[in-house]
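> After the sequence you'll find the predicted model.
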Number of protein chains: 2
Amino acid sequence: MPDPSQTQTSQTQTRLPLSRDRILVAALAYADTHGLQALSMRKVAGDLGVEAMSLYNHISNKADIIAGITDLVAGEITLPTPDFDWKGEMRARSQSAHRVLVKHPWAAAQFQAGHPPGPMMMTYLDATLGCLMAVGFTPAQADHARNTIDNHIYGYTLQKLTRPTRAREIARAAKKELKSIPAASYPHLHRRTEELANATSAEVDDFDFGLTLILDGLDALR
Amino acid sequence: MPDPSQTQTSQTQTRLPLSRDRILVAALAYADTHGLQALSMRKVAGDLGVEAMSLYNHISNKADIIAGITDLVAGEITLPTPDFDWKGEMRARSQSAHRVLVKHPWAAAQFQAGHPPGPMMMTYLDATLGCLMAVGFTPAQADHARNTIDNHIYGYTLQKLTRPTRAREIARAAKKELKSIPAASYPHLHRRTEELANATSAEVDDFDFGLTLILDGLDALR
DNA sequence: CGGCGGTCATTTACACTGTAAGCGCCCGAT
DNA sequence: ATCGGGCGCTTACAGTGTAAATGACCGCCG
């Protein structure tokens, strides 16, 4: 170890103090690059140049960290605003949420895990309800509508996260899977996979497919 | 330890040999009662009266166990059959899936995790595709339709698993939550929660709400 | 200026996780 | 009779979350 006095001064100068926010930012970055299951107290602490137990002076436990970074992610979604074109608002909001959840691949599962929502998530919920209620939906209808839309967003995002996205790769993956899908046992699944293996261009976007379905259905109920 | 010879004979008589199936059954039971996050090799082994490492003679690792029990759950869902009343088939299949996933509360998240499907899951997928294609949907349409429906099932089930189900309890929970939802910051969310706190009877079932939406939308596309 | 209390990083420790490596028993085949 | 392999066990290790106690620093108050 070098001269202690120098180390001290350089520390007090360079190393800014730990804080809940700094911990959450580091944890968020770690989860994004290594996955949530790889996130551990010691790893986050390491990235901050600190020992694991030091984190407990600012956060209460690991669940607290996960709740914190999940709410940070919720804060990245652009909020819908009351507007006559509520479908457009919902579509924009859905695509924003989808983009954000792809950027933080571990987050969609957390959104669905059912833990109590943080403040960011609550403003996101509130804005969505407000947008729907402004165009005539009852609170209950708005609630159900939001649930249905969100389920679609989360489900679609989760499934897209594990499959290749470019047409080229989809075809290659499908060819590989085809060997483990005997046509005798799974005729329809086999046929569909064959189709995917030979597809050259990306098909109609599934996301808008289901979303339009839901929005149009909601429109009729209003 | 008692007389070894007696112990041996009683063991060879009473204790049936370990097997992949016995392990999966024990693991499934454990996950159902204690949750998937509490499932560990030692716990499962303990329930079988055996040491943890013995399991590895029949399964390759913990992920293998989880994949196995997940596929067991998939096998419990009643399959749809090709029928003119495809909406009825889809509705029945959805409700069966929902019931099964409530019985195994950890499973819905696994279904959505995107791991390669086991044989039971694949016959489930194949039957669904078959039912849809039999009434005129193209393979791609059937695929998208199934995805949209399943997202709804999983999402709805996951959310129902964390909230109280009886109207009485919903109201009580809503009253408690109300304190952490200041009307100033979250007016619409607050209003909706208020409504829930005063609701006496269960509302229209959200599940059928969204499902009908989707099925009707699909019908128009066919 | 002296010391005192509070803040906060650290050290040590414990119970628990998945699983690699190797031991030894028993059983069935040669 | 012996050998080989299947299979349960023991031991071991690296890693997990976190409780408890230690100690360095800082600003405040006398």
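Sure, I can see it.

> in chain A, which spans are helices?
A:4-14, A:20-34, A:41-47, A:62-74, A:86-103, A:107-112, A:119-134, A:139-162, A:167-178, A:187-198, A:206-221 (DSSP state H).

> Which one, of the ones you listed, ends up nearest to DNA strand C?
Each of those has some distance to DNA strand C by C-beta to the nearest atom of the strand; the shortest is helix A:41-47, at 6.8 Å. (C-beta placed from N, C-alpha, C; glycine too.)

> returning to that earlier point: and the helices of chain A, which one averages the lowest pLDDT?
Mean pLDDT is lowest for helix A:4-14 out of the helices of chain A, coming in at a mean of 37.

> near DNA strand C, which residues of chain A?
Within chain A, the residues that sit near DNA strand C (C-beta under 7 Å from any atom of the strand) are A:17-18, A:45, A:50-54, A:56-58.

> would you turn the helices of chain A into a markdown table with mean neighbour count?
Converted to a markdown table, these look like this (neighbours: other C-beta atoms under 10 Å in any protein chain shown):
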| stretch | mean neighbour count |
| --- | --- |
| helix A:4-14 | 10 |
| helix A:20-34 | 18 |
| helix A:41-47 | 17 |
| helix A:62-74 | 20 |
| helix A:86-103 | 18 |
| helix A:107-112 | 22 |
| helix A:119-134 | 20 |
| helix A:139-162 | 21 |
| helix A:167-178 | 15 |
| helix A:187-198 | 18 |
| helix A:206-221 | 18 |
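
> any chance of the ones you listed in a markdown table, with distance to chain B too?
Shown next, in a markdown table, are the helices of chain A (distance: least, C-beta to the nearest C-beta, whole Å):
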| stretch | distance to chain B |
| --- | --- |
| helix A:4-14 | 38 |
| helix A:20-34 | 16 |
| helix A:41-47 | 17 |
| helix A:62-74 | 11 |
| helix A:86-103 | 13 |
| helix A:107-112 | 5 |
| helix A:119-134 | 4 |
| helix A:139-162 | 3 |
| helix A:167-178 | 8 |
| helix A:187-198 | 4 |
| helix A:206-221 | 4 |
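
> Would you reformat those as a markdown table and include distance to B:Glu195?
Shown next, in a markdown table, are the helices of chain A (distance: least, C-beta to C-beta, whole Å):
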| stretch | distance to B:Glu195 |
| --- | --- |
| helix A:4-14 | 54 |
| helix A:20-34 | 34 |
| helix A:41-47 | 41 |
| helix A:62-74 | 23 |
| helix A:86-103 | 20 |
| helix A:107-112 | 24 |
| helix A:119-134 | 11 |
| helix A:139-162 | 5 |
| helix A:167-178 | 45 |
| helix A:187-198 | 43 |
| helix A:206-221 | 18 |
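
> hang on, the earlier thing: now, of the residues of chain A next to DNA strand C, which are buried?
Listed as buried from the residues of chain A next to DNA strand C are A:18, A:45, A:50, A:58; burial here means 16 or more other C-beta atoms under 10 Å in any protein chain shown.

> picking up where we left off before, biggest separation within the residues of chain A next to DNA strand C, which pair?
For these, the farthest-apart pair by C-beta to C-beta is A:Pro17 and A:Ala52; their separation is 17.1 Å.

> wait, which of the residues of chain A next to DNA strand C is closest to B:Ala31?
Distance ranking of the residues of chain A next to DNA strand C against B:Ala31, using C-beta to C-beta, places A:Ala52 first at 29.3 Å.

> Would you map out the domains in chain A?
Each domain of chain A is listed here as a residue range: A:4-59, A:79-221, per automatic domain parsing.

> Contact partners for A:Arg192?
B:129, B:139-140, B:142-143 (C-beta atoms under 8 Å, 6 or more residues apart in numbering or on different chains).

> Would you check how far apart it and B:Pro117 are?
Computed as C-beta to C-beta, to the nearest Å, the A:Arg192 to B:Pro117 distance reads 13 Å.

> that older thread, quick one: which of the helices of chain A is nearest B:Thr148?
When these are compared (using C-beta to C-beta), the closest one is helix A:206-221, at 4.0 Å.

> so how far is the closest one off the chain centroid?
Chain-centre distance of helix A:206-221: 21 Å, with C-alpha atoms, centre = their mean, to the nearest Å.

> Then stretch A:106-120?
Centre-to-centre, stretch A:106-120 and its host chain are 9 Å apart (C-alpha atoms, centre = their mean).

> And DNA strand D, is that stretch touching that?
No: residues of stretch A:106-120 contacting DNA strand D under C-beta under 7 Å from any atom of the strand: none, with a closest distance of 13.7 Å.

> distance between the ends of that stretch?
17 Å (C-alpha to C-alpha, to the nearest Å).

> Quick one: residues in contact with it.
Outside stretch A:106-120, the residues that touch it by C-beta under 8 Å, 6+ apart are A:31-32, A:35-37, A:66-68, A:70-75, A:100-101, A:121, A:125, A:150, A:154, A:157-158, A:161, B:109, B:112-113, B:155, B:158-159, B:161-163, B:185.

> do stretch A:16-24 as well
Identification of contacts with stretch A:16-24 by C-beta under 8 Å, 6+ apart yields A:44, A:48, A:50, A:54-55, A:57-59, A:65, A:68-69, A:72.

> No further questions, thank you.
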